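>>> structure for the following, please:
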Amino acid sequence: LSLFFSSFGLIVSNYSDTMQQAIFVMWFFVMILMLLSGLFTPTRSMPPVAYLSTYVNPMSYFIDAMRTVFIRGGGLNSIGHQLLALSVIGLTMGVWAVISYKKNK
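Have a look, this model is predicted:
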């Protein structure tokens, strides 16, 4: 999850003109990701369109993995799907961050 957020922060800052603009964009996306992650409400009770968005939300995978480990007592085998999804999303965002980086001349 930290790889995703650091890469996402770099992407947002690469496309932003000012620091304030980057802060507001990051705040907006972090709030949306957090509210749609299943942290506060169960994802199964969401409308179908909102539930489909949890498949691309890295926070939902992270929260599901943390619940599996801390509440259900699961091990590394039981969170393999979440780790794979977080790795794919994080690496994809990392590649995008590197590609979108441009130096100021």
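>>> got phi/psi on residue 46?
phi -80, psi 160 (degrees, to the nearest 10).
>>> just checking, it touches residue 40?
No - with contact defined as C-beta atoms under 8 Å, residue 46 does not count as touching residue 40 (11.2 Å). Quick note: C-beta positions are derived from backbone N, CA and C, even for glycine.
>>> among the two, which residue is more densely surrounded?
residue 46 (15 against 9; other C-beta atoms under 10 Å).
>>> relative to residue 73, how far out is the more buried one?
Residue 46 sits 27 Å away from residue 73, going by C-beta to C-beta, to the nearest Å.
>>> again with residue 18
Relative to residue 73, and taking C-beta to C-beta, residue 18 is found at 47 Å.
>>> got any ranges where this protein has weak pLDDT?
Scanning the chain for pLDDT under 70 picks out 103-105.
>>> could you pull out the helices in it for me?
2-15, 19-35, 48-52, 58-70, 80-100 (DSSP state H).
>>> how about a markdown table for those helices, with mean neighbour count added?
Output for the helices of the chain, formatted as a markdown table (neighbours: other C-beta atoms under 10 Å):
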| stretch | mean neighbour count |
| --- | --- |
| helix 2-15 | 17 |
| helix 19-35 | 14 |
| helix 48-52 | 11 |
| helix 58-70 | 18 |
| helix 80-100 | 15 |
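>>> hmm, who's touching stretch 70-83?
Residues outside stretch 70-83 that contact it (C-beta atoms under 8 Å, 6 or more residues apart in numbering): 61, 62, 64, 65, 68, 69.
>>> send the alpha carbons of it over as CSV?
Output of stretch 70-83 as CSV, limited to C-alpha atoms (Å, rounded to 0.1, in the frame of the first residue of the first chain):
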residue,chain,number,x,y,z
PHE,A,70,-5.4,-9.6,12.9
ILE,A,71,-9.1,-10.7,13.4
ARG,A,72,-9.2,-14.2,11.7
GLY,A,73,-5.6,-15.1,12.6
GLY,A,74,-4.7,-15.9,9.0
GLY,A,75,-1.1,-16.4,7.8
LEU,A,76,0.8,-15.6,4.7
ASN,A,77,-1.1,-18.2,2.7
SER,A,78,-4.4,-16.7,3.5
ILE,A,79,-3.5,-13.2,2.2
GLY,A,80,-1.7,-14.3,-1.0
HIS,A,81,-4.5,-12.9,-3.2
GLN,A,82,-4.3,-9.5,-1.5
LEU,A,83,-0.5,-9.4,-1.6
